[in-house]
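Visitor: sequence unknown, structure follows:
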């Protein structure tokens, strides 16, 4: 339920009083995206990471194609930007996460995703001329310290783990580029059509490596089901729910769902996969979340 602004009479999403169903819908994207790293780990039991990266993109594109709003045609002059998004938002990071999880745990991958708001602001500052106030500088500092704490125990495990950490950081940098580049396009034409076109371009770009990965994969039902769920929900329906939350409840409230991602990945990694997480990494994850919260609130 929302109340109208006393002066303008216009109802703001920020004024909506959250009902139980709103809380549930807010949680859905974070729970889905947090479980993605567990699903990748199960997929890797039989599938090559290049195949996982491609097939989740292809399934996500197919799912969004069923949503009428996502099929809205975009002007020709948006093609260069959506091509950039196909690479930096979809094809490269979604494949890198699968390769990274061959080297580091799903818990660590999920925890490092907690610094994504920090990387978005850093990339925006360095490459897009986004202005950063003192509150965001504080958040960036806190988030960076948290990221270092998460990575330190894993880096000590050897060169393969270092490579996995680097892959995750490259993927998060790609997200930083994509989110900054996508903003104006989404405001002009809507988020779902932009995401769907980006997924379609990514599916074509990653097709050669996907076929190569398929040739090196074996079939098993657990991996097949995990990858299907990953594509259907993590790369498809979660976007629809998240963007619905943004429209109804406002971007600030909707963004809080991302704070669930590290916690969900830790719980699934430790409870289901039997992963061990260093205390320093857990502390770093908590610090990173504080930094992300500070970045988001300092608009």
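Guide: Okay, I see it. Everything numeric in this text was worked out from a predicted model, so none of it was measured.
Visitor: give me the nearest residue to residue 58, chain neighbours excluded.
Guide: Of all residues beyond its chain neighbours, the one nearest residue 58 is residue 203 (4.6 Å), with distances taken as CB to CB, 6 or more residues apart in numbering. From N, CA and C alone the C-beta is placed, and that goes for glycine too.
Visitor: next one: the one you found from residue 100, what distance?
Guide: Between residue 203 and residue 100 the distance, using CB to CB, to the nearest Å, works out to 21 Å.
Visitor: the two: which is more packed in?
Guide: When neighbours are counted by other CB atoms under 10 Å, residue 100 comes out ahead of the other of residue 203 and residue 100, with 28 against 22.
Visitor: report the contact partners of the more buried one.
Guide: With contacts taken as CB atoms under 8 Å, 6 or more residues apart in numbering, residue 100 has the following neighbours: 109, 164, 165, 167, 168, 171.
Visitor: buried residues in the helix or strand bottoming out on mean pLDDT in the chain?
Guide: Counting by mean pLDDT, DSSP states H and E, the chain has its least confident helix or strand at helix 251-255, which shows a mean of 77. Across helix 251-255, burial judged by 16 or more other CB atoms under 10 Å covers 253, 254, 255.
Visitor: could you check how far the first one is from residue 124?
Guide: When CB to CB is the yardstick, residue 253 and residue 124 sit 21 Å from each other.
Visitor: for the least confident helix or strand of the chain, packing partners?
Guide: Helices and strands touching helix 251-255, by 3 or more CB pairs under 8 Å, 6 or more residues apart in numbering; DSSP states H and E, are helix 238-249, helix 279-297.
Visitor: tell me the angle the helix or strand where residue 40 lies makes with helix 238-249.
Guide: Assigned by DSSP states H and E, residue 40 falls within helix 20-43. With axes from the mean of the first three to the mean of the last three CA atoms, to 10 degrees as the criterion, the two stretches helix 20-43 and helix 238-249 enclose an angle of 160 degrees.
Visitor: chain center to helix 20-43, what's the gap?
Guide: The gap between the average C-alpha position of helix 20-43 and the chain average comes to 11 Å, counting by CA atoms, centre = their mean, to the nearest Å.
Visitor: next SSE after it?
Guide: Later in the chain than helix 20-43, the nearest helix or strand by DSSP H and E is helix 49-64.
Visitor: now the angle between helix 20-43 and that following helix, please.
Guide: Orientation note: helix 49-64 sits at an angle of 150 degrees relative to helix 20-43 (the same axes, to 10 degrees).
Visitor: what about helix 49-64, average pLDDT?
Guide: Over the span of helix 49-64, the pLDDT mean works out to 98.
Visitor: do the same with stretch 147-159
Guide: Per-residue pLDDT values across stretch 147-159 average out to 87.
Visitor: mind listing what's buried in that stretch?
Guide: If you call a residue buried by 16+ other CB under 10 Å, then stretch 147-159 has these buried ones: 147, 149, 150, 151, 153, 154, 155, 157.
Visitor: pick out the most distant pair among these.
Guide: Greatest spatial distance among those (CB to CB): 147 and 157, at 16.8 Å.
Visitor: ok, the closest residue to residue 56 other than its chain neighbours - contacts?
Guide: Spatial nearest neighbour of residue 56, chain neighbours left out: residue 231 (3.9 Å); criterion: CB to CB, 6+ apart. Contact partners of residue 231, counting by CB under 8 Å, 6+ apart, are 55, 56, 57, 58, 59, 60, 63.
Visitor: that older thread, report all helices and strands that the next helix or strand after the least confident helix or strand of the chain contacts.
Guide: Note on helix 251-255: by DSSP H and E, the next helix or strand toward the C-terminus is helix 260-271. Here helix 260-271 touches helix 20-43, helix 106-112, helix 279-297, going by 3+ CB pairs under 8 Å, 6+ apart.
Visitor: now the helices: where do they sit in the stretch 51-200 of the chain?
Guide: 79-85, 92-100, 106-112, 116-127, 134-155, 159-189, 191-205 (DSSP state H, counting those that start in this stretch).
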